[in-house]
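**Q** The following comprises the amino acid sequence and a computationally predicted model.
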Amino acid sequence: MSERRRSKKSVSAPLYKFDREIEAQRKCLFIGIDEAGRGPLAGPVVAAAVCLDLDKPIEGVNDSKKLQANTRSELYEKITREARCWGVGLATPEEIDKVNILQATFLAMTRAVEKLGVQWGFALVDGNRPIPEIETERQMTVVSGDARSASIAAASILAKVTRDRIMEEYHRKYPVYDFINNKGYATAHHRNSIIEHGLSEIHRRSFCEFILQTSLPL
């Protein structure tokens, strides 16, 4: 086995150990849930729900923030091919402005779970906020879950890659904002572009008010 493969496996092993302990405790099919894109000025918030086959670990699964873009893409393909089931959901910028980012995140998570198409018994949710639409006894929040649970980490990868691809598509339509590089986050270039060109249809109005209140480039 190459050094690279050993390294990947050692990173993923503790995350799979965590999930196997949950599986032994709960004795049911369980899923991991995570989101991407709570902080950007533009684009949707995306969530994913994943049920992994714990008997067939996917080497390299880890917190998406710790992975290079090409590695995330490779793992996205493996997870969508080898997981027992998975689902992705999103909430639009309009929905974020209407209900706030926290509630929109719950909405995206609920939509991801609804796409699973299986009878699952328990959910591991990244963070410290339970999903209101899921019964309390059927879920457990895990702070920094994408660095602790393989299922949550897999969900973080699917959510991140999906959202990045969406923003890359929007870059073709709105190249002045440089979405292909900033993915909608508040870089200086992005904020200056908002001041110069105004908002696009995918900007979150509630997130951009403070920028529109100034007319001086940053």
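**A** It's in.

**Q** helices or strands next to the helix or strand in which residue 157 is found in the packing?
**A** In this assignment (DSSP states H and E), residue 157 forms part of helix 150-173. Counting by 3 or more Cβ pairs under 8 Å, 6 or more residues apart in numbering; DSSP states H and E, the packing neighbours recorded for helix 150-173 are helix 3-26, strand 30-36, strand 45-51, helix 69-82, strand 85-91, strand 122-126, helix 179-182. Placement of C-beta: from N, CA and C, glycine included.

**Q** Adding mean pLDDT, mean neighbour count and distance to residue 209, write those out as a markdown table.
**A** What follows is these, written out as a markdown table (pLDDT from 0 to 100; neighbours: other Cβ atoms under 10 Å; distance: least, Cβ to Cβ, whole Å):
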| stretch | mean pLDDT | mean neighbour count | distance to residue 209 |
| --- | --- | --- | --- |
| helix 3-26 | 80 | 15 | 39 |
| strand 30-36 | 98 | 29 | 23 |
| strand 45-51 | 98 | 30 | 18 |
| helix 69-82 | 98 | 15 | 31 |
| strand 85-91 | 98 | 22 | 19 |
| strand 122-126 | 98 | 24 | 28 |
| helix 179-182 | 98 | 18 | 19 |
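
**Q** Tabulate the ones you listed (a markdown table), appending distance to residue 134.
**A** Converted to a markdown table, the helices and strands packed on helix 150-173 look like this (distance: least, Cβ to Cβ, whole Å):
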| stretch | distance to residue 134 |
| --- | --- |
| helix 3-26 | 14 |
| strand 30-36 | 9 |
| strand 45-51 | 10 |
| helix 69-82 | 22 |
| strand 85-91 | 13 |
| strand 122-126 | 6 |
| helix 179-182 | 32 |
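
**Q** give me the number of residues near the closest residue to residue 75 other than its chain neighbours?
**A** Nearest non-adjacent residue to residue 75, counting by Cβ to Cβ, 6 or more residues apart in numbering: residue 157, 5.2 Å away. By the criterion of other Cβ atoms under 10 Å, residue 157 has 31 neighbours.
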